[in-house]
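Sequence plus the predicted model coming up.
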Amino acid sequence: MSTETSPAPGASAPQPPQTMAYQRAVNRVMRGLLATPGVSAGIGKYLITLYVVGRKSGRHYDVPVAYTPYEGVLLVGTPFGWSKNLRTGEPLEVRYKGRRRTADVEVVRDETGVVALYDVICRHNKNFAKFNKITLDADGGPVPADLRQAWQAGGRVLKLTLR
């Protein structure tokens, strides 16, 4: 069980990252590239497409995201609402290195888990840290207070095990 705390008096509540104004266009291009044989082998080293179905709406979302390989799983950190459609134990379709596959999902939401895994992701992907407003110290490690703030802003981690 995790405890949520309010921000200190005078401090504002943590805000999740905002998507770029042209994010839909970028996502459309990336989905196409990730599905293209040959091209997908290169950019697929960093990106994966998740095929998410809305739990209430039934709407389909094809979401290109960065991933970090770690201890036999792929880590995806996100604060965005589409991830609320995923549940631990419910498989997910993904496109990994050009191939459509099934992945088992474990959703990590608790503070300790998210902070520890965001630390791993930030060390592997500096752009992830920047996008999520996580400062890196002189040694390249994320600042613990920023990791906690990312969790407070709705950060969660998806641990994907490819079948």
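Perfect, thanks for sending it.

Name the single longest helix found in this protein.
Of all the elements of type helix in the chain, the one with the most residues (DSSP state H) is helix 111-124.

hmm, who's touching that one?
For helix 111-124, the surrounding residues in contact (CB atoms under 8 Å, 6 or more residues apart in numbering) are 2-3, 68, 70, 75, 77, 108, 128-129, 132, 134, 136, 140-142, 144, 147-148, 150-151, 155-157, 159. Bear in mind the C-beta positions are built from the backbone N, C-alpha and C, glycine included.

Equivalent analysis for stretch 125-143, please.
Contacting residues not belonging to stretch 125-143 are listed as 17, 46, 66, 68, 77, 79, 118-119, 121-123, 146-147, 149-150, 155 [CB under 8 Å, 6+ apart].

Is the residue nearest to the spatial centre of the chain bridged to anything, and to what?
Among the residues of the chain, the one closest to the centroid is residue 77, at 2.5 Å (CA atoms, centre = their mean). Note on residue 77: beta-bridge partners residue 157, judged by DSSP bridges.

my read: it touches residue 154, true?
No - in this structure residue 77 lies outside contact range of residue 154 using CB atoms under 8 Å: 11.1 Å.

In contact with the residue nearest to the centre of the chain, which residues?
Counting by CB under 8 Å, 6+ apart, residue 77 touches 68, 114, 117, 118, 121, 128, 132, 155, 156, 157, 158.
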